[in-house]
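*Asks:* okay, here's the prediction I keep looking at, along with the sequence it came from:
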Protein chains: 2
Amino acid sequence: MDKSLTFELLHKDKKTGARRGRITTHHGTIETPVFMPVGTQATVKAMKPEDVEKTGAQIILANTYHLFLRPGSDIVREAGGLHSFMNWNKPILTDSGGYQVFSLGAMRKITEEGVMFASHIDGSRRMLSPEVSIKVQNDLGSDIIMAFDECAPKDADRKYIEKSQALTTRWLERCVKAHENPDKQSLFGIMQGGFYRDLREKSAKEIVAMDLPGYAIGGISVGESKDDYIGVLDYAPDLLPENKPRYVMGIGTPDYIFEAVERGVDMFDCVEPTRIARHGMAMTSHGRISIKNAKYERDFTPLDPECDCYTCRHYSRAYLRHLFKAGETMSHMLLSEHNLRFLSKMSEDIRKSIEEDRFTEFKEEFYKKYYG
Amino acid sequence: MDKSLTFELLHKDKKTGARRGRITTHHGTIETPVFMPVGTQATVKAMKPEDVEKTGAQIILANTYHLFLRPGSDIVREAGGLHSFMNWNKPILTDSGGYQVFSLGAMRKITEEGVMFASHIDGSRRMLSPEVSIKVQNDLGSDIIMAFDECAPKDADRKYIEKSQALTTRWLERCVKAHENPDKQSLFGIMQGGFYRDLREKSAKEIVAMDLPGYAIGGISVGESKDDYIGVLDYAPDLLPENKPRYVMGIGTPDYIFEAVERGVDMFDCVEPTRIARHGMAMTSHGRISIKNAKYERDFTPLDPECDCYTCRHYSRAYLRHLFKAGETMSHMLLSEHNLRFLSKMSEDIRKSIEEDRFTEFKEEFYKKYYG
């Protein structure tokens, strides 16, 4: 490969915007649309990397904010990078740390330079900026690195969003300049602009002009209503180049994924499947279930009879309920593995349905079973 | 097999009492001396059964007290027994629940019938007796089941121990009578008698007369000084039949294992390796280390360079320290797997040293490296 990443558009669904694609990175190939499990602190919680891979995961995400603070990106660099440090040899995407520092609320201050914040670990004053974020991501050696953008507050007015979008573009220019390893690591830009179509258009124009290997649509996934989410997705993907991957960050429920795929988005990630697993929740072909429920006490059938995962092949609902009630780590391990397989299998089925021009039909079937 | 269990004495060390043996059960063969990992609540904490097996584990232990209370042995029986419930197809040994109920102190009352106690889960009044313990173990379907004995308090006087030993024999007779599956499940008797040699002799005589498939030496492993422990082991194993397996419950540190093996004991179990793992402690060829230690921050070597386990093949001390400091479950998973492999490998080396009549030399070498 002479580029950090290539994207092939293999097929376009005849009736919707859904796309079947293939991303190739220096650590391997990713068939899209793809769901990416999250390994926040250089580990997908309660899972060995081999087991993550067995669920069908093609790429995982790790968090710059967390690894910047602990263990520190210098240590990961000395370990030979994140792939080697955490024993994951397939592609890795890192976020910029922006979302986490903006979530700190009163504990952070935004300037043109970047964001000053207090570490959630020891309260120490730290700075994340376009340069620091890219430096950390260069240290980590992830295959896809994300631009450091401003995530505007949910209640921000148009004036705030205007300034924020402009700042995000200026920060992106600094990210591009700071990036020291463009041959191996692909920097993705992030479109902002809130729910203002003209600002989204302005943002897209500015970031697409920088000819980056891929683009994300920011500011729609967390805490927004489904209507607002779909509202932006109805036009935003088309503002981005067709021949480059498109990514919506932080979505992990089937409906949010289907709606994005339908409108031409290729990549998604979320902590949802592993987080709910630790609370005893499983995603199944017939919707979510809570394994705590007393009705599973003597239910010796698998979590999801239609699932081919390790958990469903070897354990019963009764056993999983017992583990959860007994506070055993194994319940987190087994439910996490199942939930990741569920989203991976759903993504496989989505890809197949696009190839066969029956995405809409598949979406309908899926919704009927999952949402009832 | 026409018996529930067979024991072959393959070789006796020329210089010590150490024995190399082989136990065959309906779920497979166990080379002895053997260390048995503990899966208290039908799971070896933070490990998949396949990974437990990969450490070299030949048999695991599960706890009657815990499974009696939760999920209840009827549920395990309906699931097809413990092997099927927890997805472990090699041999399983269950204890009698005695040790746990006696540990409840003021919360339990001993009578001729058995022990009334308050459940640690919901405070409900429950009874464990020879009949109940054996019924639960029959439900669980474990390959080796243990007699329900009285574990006398540490400060008990001779009069107490005399009565307790006699009660344990009467209870053993009731266990034998209550046992409904002697063709598939082997009931082991437990010798008691405290630190009184004549009482140990009396106990041995009474329980050996019942011609059980194996015997344990009780009341020496937990909270006793090493001198007291060795004091009993100096004569107790010889009071038991040579052609049957001998078991000391609850020992998991190398020195306690070596001293027991040297005196003719074949089986051991302990929560120690997995419990200390969850506190960041690893057993290595050069002794115990705490992965929390700041000196491992940039140590990119394996936990134990001489170890062949999954953890040591794939991860560095720096990564393990990061996981532990970050509170990640994966640190429990990886350290547990390493510690189990450590004791399994130590047992393999012990077996080899006995076969080659150099147990004493191996013990010396091991102590020099481990205890320094």
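*Replies:* That came through, no problem.
*Asks:* A:Tyr215 should be in a strand, yeah?
*Replies:* Yes. Checked against DSSP: H, G, I helix; E, B strand; the rest coil, A:Tyr215 lies within a strand.
*Asks:* thought A:Phe188 was touching it, still the case?
*Replies:* Yes. Look at A:Tyr215 against A:Phe188 with CB atoms under 8 Å: they come within range, at 6.0 Å. Every C-beta, even on glycine, is put in place using the N, C-alpha and C of the backbone.
*Asks:* can you check which residues contact both of the two?
*Replies:* Taking CB atoms under 8 Å, 6 or more residues apart in numbering or on different chains as the contact criterion, the common neighbours of A:Tyr215 and A:Phe188 are A:245, A:247.
*Asks:* nearest residue to the residue nearest to the spatial centre of chain A other than its sequence neighbours?
*Replies:* Nearest to the geometric centre of chain A sits A:Asp269, at 2.0 Å (CA atoms, centre = their mean). Leaving out its chain neighbours, the residue that sits closest to A:Asp269 by CB to CB, 6 or more residues apart in numbering or on different chains is A:Met36, at 4.0 Å.
*Asks:* you'd agree the one you found is in a strand?
*Replies:* Yes. Counting by three-state DSSP, A:Met36 is part of a strand.
*Asks:* give me the number of residues near it?
*Replies:* The local packing count at A:Met36 equals 25, with neighbours defined by other CB atoms under 10 Å in any protein chain shown.
*Asks:* check contacts around it.
*Replies:* For A:Met36, the set of contacting residues under the criterion of CB under 8 Å, 6+ apart consists of A:57-61, A:93, A:267-269.
*Asks:* I'd like these as JSON lines, with secondary structure and distance to B:Pro302 appended.
*Replies:* Compiled in JSON lines, the contacts of A:Met36 are given as follows (DSSP: H, G, I helix; E, B strand; the rest coil; distance: CB to CB, whole Å):
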{"residue": "A:Ala57", "secondary structure": "coil", "distance to B:Pro302": "25"}
{"residue": "A:Gln58", "secondary structure": "coil", "distance to B:Pro302": "28"}
{"residue": "A:Ile59", "secondary structure": "coil", "distance to B:Pro302": "27"}
{"residue": "A:Ile60", "secondary structure": "strand", "distance to B:Pro302": "23"}
{"residue": "A:Leu61", "secondary structure": "strand", "distance to B:Pro302": "27"}
{"residue": "A:Leu93", "secondary structure": "strand", "distance to B:Pro302": "28"}
{"residue": "A:Met267", "secondary structure": "strand", "distance to B:Pro302": "35"}
{"residue": "A:Phe268", "secondary structure": "strand", "distance to B:Pro302": "36"}
{"residue": "A:Asp269", "secondary structure": "strand", "distance to B:Pro302": "31"}
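*Asks:* reformat those residues as a markdown table; add pLDDT.
*Replies:* A markdown table is the format used below for these (pLDDT from 0 to 100):
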| residue | pLDDT |
| --- | --- |
| A:Ala57 | 98 |
| A:Gln58 | 98 |
| A:Ile59 | 98 |
| A:Ile60 | 98 |
| A:Leu61 | 98 |
| A:Leu93 | 98 |
| A:Met267 | 98 |
| A:Phe268 | 98 |
| A:Asp269 | 98 |
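*Asks:* helices of the stretch 201-350 of chain A, start to end?
*Replies:* In the stretch 201-350 of chain A, the helices defined using DSSP state H, counting those that start in this stretch lie at A:226-233, A:254-262, A:272-278, A:310-314, A:317-325, A:329-355.
*Asks:* please produce JSON lines containing the ones you listed, extended by mean pLDDT and distance to chain B.
*Replies:* Formatted as JSON lines, the entries for these read as follows, by pLDDT from 0 to 100; distance: least, CB to the nearest CB, whole Å:
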{"stretch": "helix A:226-233", "mean pLDDT": "95", "distance to chain B": "31"}
{"stretch": "helix A:254-262", "mean pLDDT": "98", "distance to chain B": "26"}
{"stretch": "helix A:272-278", "mean pLDDT": "97", "distance to chain B": "9"}
{"stretch": "helix A:310-314", "mean pLDDT": "98", "distance to chain B": "5"}
{"stretch": "helix A:317-325", "mean pLDDT": "98", "distance to chain B": "4"}
{"stretch": "helix A:329-355", "mean pLDDT": "98", "distance to chain B": "4"}
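*Asks:* can you redo these as a markdown table with mean neighbour count and distance to B:Thr329?
*Replies:* Conversion of the helices of the stretch 201-350 of chain A to a markdown table gives the following (neighbours: other CB atoms under 10 Å in any protein chain shown; distance: least, CB to CB, whole Å):
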| stretch | mean neighbour count | distance to B:Thr329 |
| --- | --- | --- |
| helix A:226-233 | 16 | 32 |
| helix A:254-262 | 22 | 26 |
| helix A:272-278 | 21 | 9 |
| helix A:310-314 | 19 | 16 |
| helix A:317-325 | 24 | 13 |
| helix A:329-355 | 23 | 6 |
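*Asks:* which residues are in contact with stretch A:222-237?
*Replies:* A:17, A:99, A:154, A:191, A:195, A:197, A:200, A:204, A:217, A:220-221, A:246, A:248, A:250, A:255-256, A:259-260, A:263-265.
*Asks:* endpoint to endpoint, that stretch covers what distance?
*Replies:* Using CA to CA, to the nearest Å, the end-to-end distance of stretch A:222-237 comes to 18 Å.
*Asks:* that one: how far from the chain's middle?
*Replies:* On the basis of CA atoms, centre = their mean, to the nearest Å, stretch A:222-237 is displaced by 16 Å from the centre of the chain it belongs to.
*Asks:* next one: stretch A:19-30
*Replies:* Between the centre of stretch A:19-30 and the centre of its host chain there is 15 Å, according to CA atoms, centre = their mean.
*Asks:* quick one, phi/psi of the closest residue to A:Asp183 other than its chain neighbours?
*Replies:* Spatial nearest neighbour of A:Asp183, excluding adjacent residues (CB to CB, 6+ apart): A:Ser4 at 5.8 Å. Recorded main-chain torsions at A:Ser4 are phi -70, psi -20, according to degrees, to the nearest 10.
*Asks:* A:Ser4 reaches A:Phe188, doesn't it?
*Replies:* No. Under the criterion of CB under 8 Å, A:Ser4 lies out of contact with A:Phe188, with a separation of 10.7 Å.
*Asks:* picking that back up, if I look at the residue nearest to the centre of chain A, how far off is chain B?
*Replies:* Using CB to the nearest CB, to the nearest Å, one obtains 19 Å as the distance from A:Asp269 to chain B.
*Asks:* look up how far A:Ser221 lies from the closest residue to A:Tyr99 other than its chain neighbours.
*Replies:* Once flanking residues are discounted, A:Tyr99 sits nearest to A:Cys151: 5.4 Å by CB to CB, 6+ apart. A:Cys151 sits 10 Å away from A:Ser221, going by CB to CB, to the nearest Å.
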